[in-house]
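Student: below are the sequence and a predicted model for it; my questions follow.
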Amino acid sequence: MPDADFETDTPSVADRLAGEALIVDVDGFEGPLDLLLALSRSQRVDLRRISVLALAEQYLAFVDQAKALRIELAADYLVMAAWLAFLKSRLLLPPDPSDSGPSAEDMAAHLAFQLERLAAMREAAARLMARARLGQDFFARGEVEGPALIRRLRYTATLLDLMQAYARIRTRDEFRPFSYDRQNIWTMEQALERMRGLIGFAGEWTDLASFLPEGWRADAARRRSATAATFAAVLELARQGHCELRQSETFAPLSIRHRS
Amino acid sequence: MNATPPLFAAPTLPEQERMLEAMLFASAVPLPLTELQARLPEGCDAATALDGLRRRYLGRGVVLVPVGEAWAFRTAPDLGFLLQRETTETRKLSRAAIETLSIIAYHQPVTRAEIEEIRGVAVSRGTVEQLLELDWVRFGRRRMTPGRPVTFVVTQGFLDHFGLESARDLPGLKELRAAGLLDNRPAPDLAGPGEMEPGEDAGQADMFEEEADEH
Amino acid sequence: MNATPPLFAAPTLPEQERMLEAMLFASAVPLPLTELQARLPEGCDAATALDGLRRRYLGRGVVLVPVGEAWAFRTAPDLGFLLQRETTETRKLSRAAIETLSIIAYHQPVTRAEIEEIRGVAVSRGTVEQLLELDWVRFGRRRMTPGRPVTFVVTQGFLDHFGLESARDLPGLKELRAAGLLDNRPAPDLAGPGEMEPGEDAGQADMFEEEADEH
């Protein structure tokens, strides 16, 4: 079985080894910028004099190779590839005078700056971690002392405790079963009950709005809710054959009449 | 001293004193002479160095004293009155107290009823009293609503303790989530088996917002 | 010798040094100058006495070091080899955590989005939490830009751990600043050419002076 696979592979052993190295490398990189920084090392020049064009080509070749080997690349690698392809074309073509955006040189310079800054922060991090450190290279007083007679209780909490407590409460809130404010909601059940009592009085065609309950007419939100519920209730009553509805034209007032 | 000559020249006596000084300072327990001798480089004489060190500290704020068979630095007996603060015992705030405190910090000015609504349980009198006593919260203005309930706000002491410039500097929910502090509710994993983590989304949104701020 | 200081005459300078020596020796954490001053009897000058004490310990096995606005006794760095057995196991920091820490230290106050911009990847969940837990970073002031993003700064605990007197003493800080590598340069495709925010430069200059950051 593995032999058969091996036979069908046309690339040379060297290609295959390079491909395998690539797999390992992709895992080892922390995103496209990290990869670009690693690639730029091969130019063996000061990062300020790096050839962004050459770097873009290296990166694109890398991505193509990954694609050919069917290595899944995270989306940000592909976004960077697209951007570099764009930058490459801009760097190669003469500038378009009608283009108001930043020049290709500015974009390239910014990329070089980002790489140099990342390299500098890595270097700084290494120097920081190489310093003599408390508890490893130098030490604090091992035995904190003081008279045991005077004892004061002191409560402590860290900012982290505080935030975690708040997060705990707020997360619990998000879990609360969904319910909404019913104070301004006229339910269909309420409307149906009310209309069953009132429909008998609608001998003539009567505007639906006149059946809205007291206190549900002035406030817009309440009126909306009561209108919707009453309309739905009337539809139900019409279905049961207790009343008729009519509307002269679209958006005209709805009228209802009792049906004996 | 042994018959075999030491590989390197022994440190000078002042150097040996420095070494003992560091060891005794950093140790959590008094150190016996035998252990001091064992930890010094070859060719050192712990007893002689220790005697030199002890004399150097005579009359100082800290003195080198024997504790049984061992040696330790101790505060000069006449200066004990200066160390009262070191004896305070620290204890973690109860969960009820820290939750109440966080609600006051995030929602101030806030009434007791509002705190209870947010926490979902009654706030015991002791909890509020404790926070008042710690000088982390104080009474704010009365709310101009029926009953004129009293409100609670956080104090300067609170800001000092938690290293905040103002209560407005407390991170918001989105930031808490981004910092991984709200991680008990993972977002649906749409990214599949990739490296996308729940919460990354929020970070991305932040980033774009911020970049939009730049111009 | 009696412990009670005279009511009106301040203790002599050597006596003040003794007192500071006792207080600082007894504490494992750095003590702020303001606290030292407050704990000394009336009429004392903590700063002057500290200076005398510091000089007395120059070249000793234990040295007096400034940590931000505070002071602490620490063993001399060259004697670490003698004290390895006191080492407490610290959790290994990930590369992401180390880089994030140094970006916060060198760029502070810095927002999460800026950290991500510099590293080129999202700050993974837990990284910031770990640094907060170690008490090496804390939340700083919010940036006065739309969205008011929260910033991160390093703490006194960070300075203490890495033996730094202040954030200005970070290794290579001057060179990095001179090379422009600490500038907050927006990408050219977001802001038009030369359209730097006025606040951007200020943020840079204020890096270690939080007070001025408000504007």
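Tutor: Sure, I can see it.
Student: how about the helices of chain B, start to end?
Tutor: With DSSP state H, the ranges of helices along chain B come out as B:13-26, B:33-39, B:46-56, B:95-107, B:112-119, B:125-133, B:156-162, B:173-178, B:200-214.
Student: the first one packs against which elements?
Tutor: Using 3 or more Cβ pairs under 8 Å, 6 or more residues apart in numbering or on different chains; DSSP states H and E as the contact criterion, the neighbours of helix B:13-26 among helices and strands are helix B:33-39, helix B:46-56, strand B:70-75, strand C:62-67, strand C:70-75. C-beta coordinates here come from the backbone N, C-alpha and C atoms, glycine included.
Student: in terms of mean pLDDT, which of those ranks lowest?
Tutor: Among those, strand B:70-75 carries the lowest mean pLDDT, a mean of 88.
Student: the longest helix seen in chain A close to chain C?
Tutor: In chain A, taking DSSP H as the definition, the longest helix is helix A:104-129. Yes: Helix A:104-129 reaches chain C (Cβ under 8 Å from any Cβ of the partner chain) through A:106-107, A:109-110, A:113-114, A:116-118, A:120-125, A:127-129.
Student: of the residues you listed, buried ones?
Tutor: A:107, A:109-110, A:113-114, A:116-118, A:120-122, A:124-125, A:128 (16 or more other Cβ atoms under 10 Å in any protein chain shown).
Student: possible to save those as JSON lines with pLDDT and distance to residue C:26?
Tutor: Compiled in JSON lines, those are given as follows (pLDDT from 0 to 100; distance: Cβ to Cβ, whole Å):
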{"residue": "A:107", "pLDDT": "88", "distance to residue C:26": "59"}
{"residue": "A:109", "pLDDT": "89", "distance to residue C:26": "56"}
{"residue": "A:110", "pLDDT": "90", "distance to residue C:26": "54"}
{"residue": "A:113", "pLDDT": "92", "distance to residue C:26": "50"}
{"residue": "A:114", "pLDDT": "91", "distance to residue C:26": "49"}
{"residue": "A:116", "pLDDT": "92", "distance to residue C:26": "48"}
{"residue": "A:117", "pLDDT": "93", "distance to residue C:26": "44"}
{"residue": "A:118", "pLDDT": "92", "distance to residue C:26": "44"}
{"residue": "A:120", "pLDDT": "92", "distance to residue C:26": "41"}
{"residue": "A:121", "pLDDT": "93", "distance to residue C:26": "39"}
{"residue": "A:122", "pLDDT": "91", "distance to residue C:26": "40"}
{"residue": "A:124", "pLDDT": "92", "distance to residue C:26": "35"}
{"residue": "A:125", "pLDDT": "92", "distance to residue C:26": "35"}
{"residue": "A:128", "pLDDT": "90", "distance to residue C:26": "30"}
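Student: most widely separated two among the residues you listed?
Tutor: A:107 and A:128 (31.4 Å; Cβ to Cβ).
Student: check whether the longest helix of chain A comes near chain B.
Tutor: No: judged by Cβ under 8 Å from any Cβ, helix A:104-129 makes no contact with chain B; its nearest approach is 13.0 Å.
Student: now the helix or strand where residue A:62 lies and helix A:104-129, what's the angle there?
Tutor: Using DSSP states H and E, residue A:62 sits in helix A:52-68. Angle, helix A:52-68 to helix A:104-129, by axes from the mean of the first three to the mean of the last three Cα atoms, to 10 degrees: 80 degrees.
Student: what helices or strands is helix A:52-68 leaning on?
Tutor: For helix A:52-68, the elements it packs on are helix A:13-28, helix A:32-40, helix A:75-92, helix A:104-129, judged by 3+ Cβ pairs under 8 Å, 6+ apart.
Student: what residues sit buried inside it?
Tutor: A:52, A:55, A:56, A:58, A:59, A:60, A:62, A:63, A:66.
Student: name the nearest residue to the fifth one, sequence neighbours excluded.
Tutor: Translated: residue A:59. In this structure, residue A:59 finds its nearest non-sequential neighbour in residue A:84, 5.4 Å apart by Cβ to Cβ, 6 or more residues apart in numbering or on different chains.
Student: near that neighbour, how many other residues are there?
Tutor: By other Cβ atoms under 10 Å in any protein chain shown, 22 other residues sit near residue A:84.
Student: local confidence estimate at it?
Tutor: Note for residue A:84: predicted pLDDT of 92.
Student: rewinding a little: looking at the helices of chain B, which is closest to residue C:76?
Tutor: Between residue C:76 and the helices of chain B, the tightest spacing by Cβ to Cβ is seen for helix B:13-26, at 6.2 Å.
Student: low-confidence ranges in the chain?
Tutor: With no chain named, the answer covers chain A. Scanning chain A for pLDDT under 70 picks out A:1-28, A:99, A:144-155, A:172-182.
Student: nope, chain B
Tutor: For chain B, applying pLDDT under 70 flags the ranges B:1-8, B:84-90, B:173, B:177-215.
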